[in-house]
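Sequence first, predicted model second:
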Amino acid sequence: MTHSIDYRGYYLVFRDISRLVHSTSSVDEVIRLAVTKTAELLHAKGCLMRVRNPETGEFEVAAACGIAERFLNKPPVSCRQILDDLRGGEKVRIFRDIWAAPRTDSPQQVWDEGVRMLLDVPLYHDEELLGLIRAYLSEAHDFEQAELDFVVSLGEQCACALNKARLIETQRNHYDRLILQTEKLSALGRMAAGIAHEINNPLAGILLYGSNMLKKTEPDSPFRQGLEIIVRETSRCKGIIQELLEFSRHKTPKKCPTRINEIIEKALSLVDNELMLRHIKVEKRLAQDMENILLDGNQMEQVFVNLLLNAAQAIDKNGHIVIETRMDPCRRMEIVEITDDGCGIAPMDATRLFEPFYSNKNTGTGLGLAVSYGIVRNHNGHIKVASRMGGGTRFTIELPVDGASGAEPSDRGAMHGTP
Ligand SMILES: Nc1ncnc2c1ncn2[C@@H]1O[C@H](COP(=O)(O)OP(=O)(O)OP(=O)(O)O)[C@@H](O)[C@H]1O
Ligand SMILES: [Mg+2]
């Protein structure tokens, strides 16, 4: 049996779905509208939509309309099974015999519900299967090609809206995580500053009295070795506390027009010895068209020294460090990249790199990157890292030429990938 095509109805449904593609950012809204509109369009008794769960890869029931509640409790279906069911690559699959349709656990129940025909519409976006809509029709009839073509484009529009909403949701979650982490960092910073301040004075006292006693102790005294340990270890603690105080003091940068390449040369001269001892070769690719930029030279030098030392320590011996500078004229940013072929960073650790006291070195305080992050941010810049376990690491610093803040969402993002 055929029926006449309701072109106006088609147009209205298409318009609603197209609006959704451009406007909505809610996955739930997309799914809800997709099932109701598909049911409306096909004059179906009901519709059920399965959407791929990005974490498990399985297709879960996400929404339904016009069908019994129990359909909503259907278990997830594996991606493999869905693909097998769609083999043949049709854009729409019609099942006139509901007893032979895949994923129909109880055809009798479906029949009793008054369903006589099923129609599956896969939702593809860029060849990726994001979901599947199943329509339950109460009478078997023939569809015209124009109708089926329309259902296919409806599926494509739904997939597009779904994909867009998913992307926005991922970005939002990413931002929420960043905000949480920033709050955690600032609370940690305040706590660290408080502790450092309280410990600083008693430590100075211990060091003073310890050093005095050491001076007055004879070389063969049984107390000498103990006193030496007290003085040495207290000095080490003082060093850490001093760094911590520096970190928490948030010094406002004293900016003046500076050439970034010159700062890099100075930083390199400071770590020269360390690099030589470790047999590390440095390749400089410094662009000659770098503009004068407003910077606190001392602070930025500290950043590059920190990054170079980290790179050297990650290489340990016999490796390469590449330092590259370049202009991004479109974004008015100066970019510095420091790439090493050292041990790389595990994805788990990458998310914690910029936290104060995060270190996996025996002698590290874990403040180098936290301090560097603070300095770069005070210059309205961004610092990013890309790393691969065993494949080296690249730190990228972007600084606005005009000293203004540049929008960059993945700031501090520990992106994993090939450095
Ligand atoms: N280029 C790199 N390659 C591999 N791991 C790195 C690299 N840079 C940093 N890391 C990791 O990040 C951690 C934190 O670095 P950070 O500079 O903050 O502290 P640290 O080097 O351990 O101590 P310090 O306070 O002495 O700098 C390091 O312990 C190391 O595990
Ligand atoms: Mg360091």
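Cool, got the structure. In this text, all values refer to a predicted model and were calculated from it rather than measured experimentally. Ligands and ions are numbered 1, 2, ... in the order given.

Return the list of helices and strands in contact with the one helix or strand residue 147 maps to.
Per DSSP states H and E: residue 147 is located in helix 145-216. Other helices and strands packing on helix 145-216, by 3 or more Cβ pairs under 8 Å, 6 or more residues apart in numbering; DSSP states H and E, are helix 7-23, helix 27-42, strand 117-125, strand 128-137, helix 224-248. Any C-beta I mention is one placed from the backbone N, CA and C, and that applies to glycine too.

Any buried residues in stretch 140-155, and which?
143, 147, 150-152, 154-155 (16 or more other Cβ atoms under 10 Å).

actually stretch 105-115, not the one I typed
110, 113, 115.

Look up the closest residue to residue 333, ignoring the ones flanking it.
What sits nearest to residue 333 in space, not counting adjacent residues and going by Cβ to Cβ, 6 or more residues apart in numbering, is residue 398, at 4.7 Å.

That neighbour looks like it's in a strand, true?
Yes: counting by DSSP: H, G, I helix; E, B strand; the rest coil, residue 398 is found in a strand.

how many other residues sit next to it?
21 (other Cβ atoms under 10 Å).

so what's it up against?
Neighbour list for residue 398: 328, 331, 333-335, 381-384, 406, 408 [criterion: Cβ atoms under 8 Å, 6 or more residues apart in numbering].

Please report how far it lies from residue 392.
Distance from residue 398 to residue 392, counting by Cβ to Cβ, to the nearest Å: 20 Å.

pull the CA atoms of stretch 214-222 into CSV?
Output of stretch 214-222 as CSV, limited to C-alpha atoms (Å, rounded to 0.1, in the frame of the first residue of the first chain):
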residue,chain,number,x,y,z
LEU,A,214,79.1,23.7,64.8
LYS,A,215,81.7,26.5,64.7
LYS,A,216,82.5,26.0,68.4
THR,A,217,82.7,22.2,68.1
GLU,A,218,86.1,20.6,68.0
PRO,A,219,86.8,18.5,64.8
ASP,A,220,87.0,15.3,66.8
SER,A,221,83.9,16.0,68.9
PRO,A,222,81.3,13.2,68.8
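
Give me the contacts around that stretch.
Under Cβ under 8 Å, 6+ apart, the answer for stretch 214-222 is 223-224, 227-228, 231.

Kindly present these as CSV, with separate columns for distance to residue 210, neighbour count and pLDDT.
Formatted as CSV, the contacts of stretch 214-222 follow (distance: Cβ to Cβ, whole Å; neighbours: other Cβ atoms under 10 Å; pLDDT from 0 to 100):
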residue, distance to residue 210, neighbour count, pLDDT
223, 11, 12, 92
224, 12, 14, 93
227, 6, 18, 94
228, 9, 13, 94
231, 5, 19, 94
